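> Structure here, sequence nowhere to be found:
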Ligand SMILES: O=C(O)CCC(=O)C(=O)O
Ligand SMILES: [Fe+2]
């Protein structure tokens, strides 16, 4: 259900590029999820961010609580402590807060002054963000090829893109979660697409099949999980699907190590980008009115929080 696609032939322009495009199109229109290998992301850059964020999460709670709470610095750091977010709320479900904490960064997003430790954490975030920008550009070109758009069709929309990079820590669960409480509640992602560095653990990523059954997403070391977001689903007139997913708790009584750290990169277009039915999908008429990405996010947020 969640295929693994080696995209190296597309990146190098070799024979097999067309096959990559067809595999991604099939996944994006069926489950909205796929794994990519052969993506060219530098594993050392990934490891550095992973390790420094791990060190940050190991710091005492009372110190962490002083970090990343302000919003006065563009390109600063934002820290969300345990249980602050309940993702299922975005689907109108009332649950206790998610059993995770996260560090969040985007070059054009508001945050706070970076902490002086772990040393190099800002540079690690920025370097990984740049790797994700490169991979995202390849994926956009694959999408264009699949849909029948010029290869650079989406590029103007990503000149001042509002993408966000997040490292999430899901700690051990020495106490049983409350009823309905998960590591990350059921949700869809809002943006264009998400590129996730997942991690195998007891209590991991699950994706909802169309019949409602939850399936464990496969984990392949070094591969990225890619999923389509709501904004791209709307852009594609619902042909490419944004699928509900969540992060399960470790089984109760689990005795091994269940700490998990994931790194999602949420690819978003610029605020003024118009989300308007792409011409190849307009055959039977556009289902939605054109809307700017900024207005779309405001609409989603008000729907999720009943505003
Ligand atoms: O941690 C994960 O594997 C997924 C997290 C997620 O879906 C999200 O933060 O949007
Ligand atoms: Fe998500």
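Yes, it's here. Just so it is clear, the structure is predicted and the values come from calculations on it, not from any experiment. Ligands and ions are numbered 1, 2, ... in the order given.
> so what's the nearest residue to residue 68 once chain neighbours are set aside up against?
Nearest residue to residue 68, sequence neighbours excluded (CB to CB, 6 or more residues apart in numbering): residue 79, at 3.3 Å. For glycine as for every other residue, the C-beta is placed from the backbone atoms N, C-alpha and C. Contacts for residue 79 (CB atoms under 8 Å, 6 or more residues apart in numbering) come out as 64, 67-69, 101-104, 112.
> of those residues, list those near ligand 1.
Among those, not one lies near ligand 1 by CB under 6 Å from any ligand atom.
> Single out the residue in the chain that lies closest to ligand 1.
residue 262 (3.3 Å; CB to the nearest ligand atom).
> And that residue, which helix or strand is it part of?
Using DSSP states H and E, residue 262 falls within strand 260-267.
> So what's the gap between that strand and the chain middle?
6 Å (CA atoms, centre = their mean, to the nearest Å).
> what's the following helix or strand after it?
Next along from strand 260-267, by DSSP H and E: strand 274-275.
> What average pLDDT does that following strand get?
Throughout strand 274-275, pLDDT has a mean value of 98.
> Pull up the pairing partners for that strand, direction included.
strand 291-292 (antiparallel) (DSSP bridges).
> what's next to the partner strand, contact-wise?
Applying CB under 8 Å, 6+ apart, the external contacts of strand 291-292 come out as 234, 271-276, 299.
> and the next element down the chain from that strand?
Next helix or strand after strand 291-292 toward the C-terminus (DSSP H and E): helix 293-304.
> close to ligand 1, is that following helix?
No. Counting by CB under 6 Å from any ligand atom, ligand 1 is not contacted by helix 293-304; separation bottoms out at 13.3 Å.
> And the contacts of residue 79, which of them are buried?
Buried members of those, scored by 16 or more other CB atoms under 10 Å, are 64, 67-68, 101-104, 112.
> how about CSV for those, with secondary structure and pLDDT added?
Below are these laid out as CSV (DSSP: H, G, I helix; E, B strand; the rest coil; pLDDT from 0 to 100):
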residue, secondary structure, pLDDT
64, helix, 96
67, coil, 97
68, coil, 97
101, strand, 97
102, strand, 97
103, strand, 98
104, strand, 98
112, strand, 98
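> The strand holding residue 262 pairs with which strands, parallel or anti?
According to DSSP bridges, strand 260-267 forms sheet pairs with strand 164-170 (antiparallel), strand 193-197 (antiparallel).
> next one: the longest one to chain centre, how far?
I take that to be strand 164-170. The answer for strand 164-170 is 9 Å, by CA atoms, centre = their mean.
> Check what contacts it and list those residues.
So strand 164-170 is contacted by 49-50, 53-54, 57, 99-106, 109, 125, 128-129, 132, 183-184, 201, 203, 247, 258-266, 268 (CB under 8 Å, 6+ apart).
> Whether it contacts ligand 1 - can you check?
Yes. Using CB under 6 Å from any ligand atom, strand 164-170 reaches ligand 1 at residue 168.
> Can you point out the buried residues in that strand?
For strand 164-170, the buried set under the neighbour-count rule, 16+ other CB under 10 Å, comprises 164-170.
> Show me which residues of the longest helix along the chain are buried.
In the chain, with assignment by DSSP state H, the single longest helix is helix 121-147. Using 16+ other CB under 10 Å as the test for burial, helix 121-147 gives 121-122, 124-125, 127-129, 131-132, 135-136, 138-147.
> can you check stretch 46-56 too?
46, 48-50, 52-53, 56.
> ok, residue 297 touching residue 192?
No. With contact defined as CB atoms under 8 Å, residue 297 does not reach residue 192; the gap is 11.7 Å.
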